[in-house]
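>>> this is a predicted model, with the sequence first.
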Amino acid sequence: MGNVKAFATFQQVGEEIYRTNTYLQFGSSRKSLGAVVMLNPGSSQLKGEARKKLSMNGSHTDETTIDETMRQLIQFMENTHSKLNGRLHIYNLFYVKKTNNKEAIALFEHLKNTGKYPTIFPPCLLELQQHPWILIGWGVEKKKSWVHFEREKARWLELINDSGVPYFGVLSKENEFYHPSPNNSDKALRLQQLVAVYNKKIKLNTLLKKN
């Protein structure tokens, strides 16, 4: 993992911190290696002086720390690619930082209901179409009261389908996409599952198209 760095834009809106424009940089190329759509930003933080700049300016783009989910994604990339030189882009259903999934969704619902969630536009079709594939991993939590959360999932699925970009993920029995990095001892198993479904749905199809 020595040649990998993470970059993102952080914004402070009211009492909350938002993280957008996140990507993992392998080597020096700007080429997209793929994209991931997850729930929301977790524990990744700005480093050193960059934190002070965020406090002073309300917004700052810089290198960030690599959190556990990012480490899992790096391992996934290393297990599925022989050469890595480019960027893995990270999108989220919503962008307010919170490490606990259920608390994050509850906070998002509260911010939307009170009109305090800032306007953050999803990527356009042209941007999505720059990615060779998309990994979906926003989790399997569900509640009837999570109206805005379900809307975001539906909007993203429509956007991904419209883009024509191949996508994959580890599905539950209810056809929900598991998060790529569970907060328990199942990380190794989930990594194996992700690699297997990538090889079946993305790598194999790429080889068949070449032939």
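Noted; the coordinates are in hand.
>>> now do the phi/psi pair for H110.
When read as degrees, to the nearest 10, the backbone of H110 gives phi -60, psi -50.
>>> residues in contact with it?
The contact partners of H110, taken as CB atoms under 8 Å, 6 or more residues apart in numbering, are K116. The C-beta positions use only the backbone N, C-alpha and C, and glycine is treated the same way.
>>> what separates it from I17, distance-wise?
15 Å (CB to CB, to the nearest Å).
>>> then L107?
11 Å.
>>> could you tell me which residues touch both of these two?
Common neighbours of L107 and I17 (CB under 8 Å, 6+ apart) are V96.
>>> any weak-confidence spans in this structure?
1-2, 204-211 (pLDDT under 70).
>>> the strands in it, which residues?
Using DSSP state E, the strands assigned to the chain run over residues 4-13, 16-26, 32-38, 59-64, 86-92, 134-137, 167-168.
>>> contacting residues for the closest residue to N199 other than its chain neighbours?
Nearest residue to N199 in three dimensions, chain neighbours excluded: T80, at 7.1 Å (CB to CB, 6 or more residues apart in numbering). Contacts of T80 were listed using CB under 8 Å, 6+ apart, and they are 195, 198-199, 203.
>>> still on that earlier bit, could you dump the strands of the chain to JSON lines with distance to L189 and mean neighbour count?
Output for these, formatted as JSON lines (distance: least, CB to CB, whole Å; neighbours: other CB atoms under 10 Å):
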{"stretch": "strand 4-13", "distance to L189": "23", "mean neighbour count": "18"}
{"stretch": "strand 16-26", "distance to L189": "22", "mean neighbour count": "19"}
{"stretch": "strand 32-38", "distance to L189": "18", "mean neighbour count": "23"}
{"stretch": "strand 59-64", "distance to L189": "27", "mean neighbour count": "17"}
{"stretch": "strand 86-92", "distance to L189": "21", "mean neighbour count": "22"}
{"stretch": "strand 134-137", "distance to L189": "14", "mean neighbour count": "22"}
{"stretch": "strand 167-168", "distance to L189": "17", "mean neighbour count": "18"}
